[in-house]
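**Q** below is the structure, and that's it, no one-letter string:
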């Protein structure tokens with residue numbers, strides 16, 4: 001939830017209160033200062049800081065590059081000498097030093113040494129045996145390091161945490177965070193002895209939304225704009241409606257902490273008079289003039305990502321279904337198109353039903369957005385576009401009344417191989433509204449390139465063997481993001497994937513000549529584009545046969561699940577009543593869990609009434625060793641089937657993990673909530689199919 005206007009004004013006042021700290025921050029935000037190079041020759045000069053125990057930051061470093069055989073050296077002798085140790089340059093190579101003209105660079109001492117082990121850093125010429133410039137390292141030097149603040153104090157609403165850690169000058173890590181979610185709270189930081197309304201909002205990894213319910217997750221917070229940990233006295237969980245703290249931690253002054261190595265980038269200014277930050281990686285600016293709404297999106301996105309902004313499908317909340325959005329991306333030039341969302345699925349045509357995330361033109365409408373200016377530099381993509389307030393495309397475009405409050409939606413996500421949007425990775429998780437005719441107000445900061453976007457390590461893959469089982473159940477569930485489907489396969493999904501016998505996209509090992517039965521519960525209603533997934537087996541790794549062009553269909557080999565109908569049209573044969581796994585709360589993050597089985601403990605399960613579909617499949621010698629099970633209607637829901645001639649083959653005789661063999665650290669009684677089932681094995685499938693009729697699915 002965006003803080004009320006009064007909180008925003010107080011935050012503005014808080015920022016001005018920080019001016020007194022600018023000099024201190026200027027010295028400390030680079031790390032701990034060691035000194036300044038003593039210039040001796042070749043124009044060597046610059047300031048030297050310790051970033052951590054092993055890394056120097058050279059600020060505004062200069063060297064004319066004219067030395068004979070010159071390197072960075074450190075040593076433990078009283079003065080620089082040939083007995084020093086060579087330090088690799090900023091590229092981690094031991095090259096001769098090039099010319100530097102006022103540059104900032106990081107260099108790291110080698111081996112297992114630390115800065116405190118040495119007494120000097122020098123620009124040393126090996127041939128001439130002399131220093132061109134050096135700096136002395138103080139005795140008993142204490143380099144910057146991470147600091148512990150302790151846990152939240154004086155808590156309400158069930159708030160608990162482990163010891164909060166300062167990672168660097170802009171980053172705090174909160175382990176084991178618990179909050180009941182019963183209040184409209186945000187993270188808030190400021191100055192003074194106790195928390196107060198004199199502060200500013202600290203976004204979470206998901207943006208500036210209100211806090212949801214948390215049950216022990218690890219949170220990483222990054223202070224916005226130019227604010228650092230050295231500028232604040234406390235961090236708290238704050239309710240802006242009642243101006244109340246529900247738990248806080250104090251931040252001691254002058255912490256000896258590592259600097260943030262990210263840089264601040266921006267466009268200098270936006271000519272548009274209004275601006276709001278939607279996430280640390282996305283801001284929107286706008287202006288209403290002459291019957292048109294001009295929008296500028298600025299986002300830290302990669303060239304294989306998109307950013308989206310638009311108008312909710314509901315007048316009372318921020319909802320994606322029915323939303324009128326503009327999706328923008330960089331493709332050598334900035335591109336922007338007008339989209340309409342009918343389902344949380346890629347744009348698809350199933351029989352007479354067409355929908356999903358489609359351009360207006362794909363649905364028979366008009367592209368009413370026109371790109372104006374586009375720019376990309378330092379990882380920041382800036383795309384301005386215009387649309388009329390009153391559109392002639394009444395079916396797919398929202399009429400904008402500037403004086404009225406309108407709920408908005410936004411997202412960032414990957415582009416697929418067709419340069420079409422895949423399921424978002426970041427999006428508006430709570431309601432957000434704007435009034436486009438408000439008095440001019442800019443609530444944006446410069447972008448922080450230090451916001452780390454790590455690629456998490458994928459969960460261990462799972463293999464299921466057909467040696468002792470001839471039956472499998474195929475259901476739908478969440479893909480697990482970068483830890484799950486994306487990490488295991490290398491492909492982007494639309495957030496859903498096949499669960500075979502209750503496990504996420506296992507590799508199936510099947511023997512040629514044996515008949516296997518798949519009980520399919522991927523949905524049978526073609527009007528429900530998100531949850532209509534007939535099952536089929538193919539040579540194509542991406543699947544989605546119904547969405548392929550005719551030439552691609554001809555090239556694909558189909559082994560089971562698709563046939564020609566009476567009119568010679570393709571039709572799916574393996575479809576059945578929907579059974580779906582879903583996350584219990586909307587703040588479950590797959591990256592918080594070390595393996596699939598731990599994540600599965602946060603999933604609920606339910607089924608529609610009706611029978612499963614059935615597909616019988618007998619692999620034979622004409623089929624390649626690797627084939628794929630997939631969804632007939634959408635790409636990238638399934639994974640590999642490995643065909644073998646014998647289960648005694650050493651290549652397939654490795655450990656095969658079944659769903660019943662969950663890691664021992666997973667609570668076998670972790671299933672909770674109505675409609676959830678225990679893990680099951682293939683030998684109990686027939687019993688399971690009877691029992692599941694007692695479950696009914698709501699809201700799918």
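**A** Structure received. Source: prediction; values computed, not measured.

**Q** what about the strands in the stretch 101-250 of the chain?
**A** With DSSP state E, counting those that start in this stretch as the definition, the stretch 101-250 of the chain shows strands at residue ranges 120-125, 130-136, 147-150, 164-168, 171-179, 186-190, 199-202, 214-222, 234-239, 244-250.

**Q** pipe those strands into CSV and attach distance to residue 522 and mean neighbour count per row.
**A** For every residue, glycine as well, the C-beta is placed using N, CA and C. CSV is the format used below for the strands of the stretch 101-250 of the chain (distance: least, CB to CB, whole Å; neighbours: other CB atoms under 10 Å):
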stretch, distance to residue 522, mean neighbour count
strand 120-125, 63, 26
strand 130-136, 66, 21
strand 147-150, 48, 14
strand 164-168, 43, 20
strand 171-179, 36, 20
strand 186-190, 39, 24
strand 199-202, 41, 24
strand 214-222, 30, 18
strand 234-239, 41, 25
strand 244-250, 43, 20
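
**Q** out of those strands, which comes closest to residue 36?
**A** Put simply, out of those the one that sits nearest residue 36 is strand 130-136, at 6.5 Å, with distance taken as CB to CB.

**Q** that closest one pairs with which strands?
**A** strand 38-39 (antiparallel), strand 120-125 (antiparallel) (DSSP bridges).

**Q** now the weakest link among those, please, by mean pLDDT.
**A** In terms of mean pLDDT, the lowest-scoring of the strands paired with strand 130-136 is strand 38-39 (a mean of 90).

**Q** now do the very next helix or strand once past it: which elements does it pack against?
**A** Counting by DSSP states H and E, the next helix or strand C-terminal to strand 38-39 is strand 45-50. Taking 3 or more CB pairs under 8 Å, 6 or more residues apart in numbering; DSSP states H and E as contact, the helices and strands that strand 45-50 lies on are strand 32-36, strand 55-63.

**Q** turn the strands paired with strand 130-136 into CSV, including distance to residue 511.
**A** Putting these into CSV (distance: least, CB to CB, whole Å) gives the following:
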stretch, distance to residue 511
strand 38-39, 75
strand 120-125, 65
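
**Q** now the one residue sitting closest to the centre of the chain, nearest residue through space, not along the chain?
**A** To find the centre residue of the chain, average its C-alpha atoms and take the closest one (CA atoms, centre = their mean): that gives residue 425, at 5.0 Å. Here the nearest residue to residue 425 in space, its sequence neighbours aside, is residue 413; by CB to CB, 6 or more residues apart in numbering that works out to 5.1 Å.

**Q** ditto for residue 300
**A** Residue nearest to residue 300 in three dimensions, not counting chain neighbours: residue 281, with 4.2 Å by CB to CB, 6+ apart.

**Q** low-confidence ranges in the stretch 1-150 of the chain?
**A** Applying pLDDT under 70 to the stretch 1-150 of the chain picks out residues 1-28.

**Q** circling back to that earlier point, the residue nearest to the centre of the chain reaches residue 455, doesn't it?
**A** No. Here residue 425 lies out of contact with residue 455, judged by CB atoms under 8 Å, at a distance of 11.6 Å.

**Q** how about the helices in this structure?
**A** If you assign secondary structure with DSSP state H, the helices in the chain sit at 5-17, 22-28, 485-489, 550-555, 596-600, 685-691.

**Q** pLDDT of the fifth one, averaged?
**A** Helix 596-600 comes out with an average pLDDT of 94.
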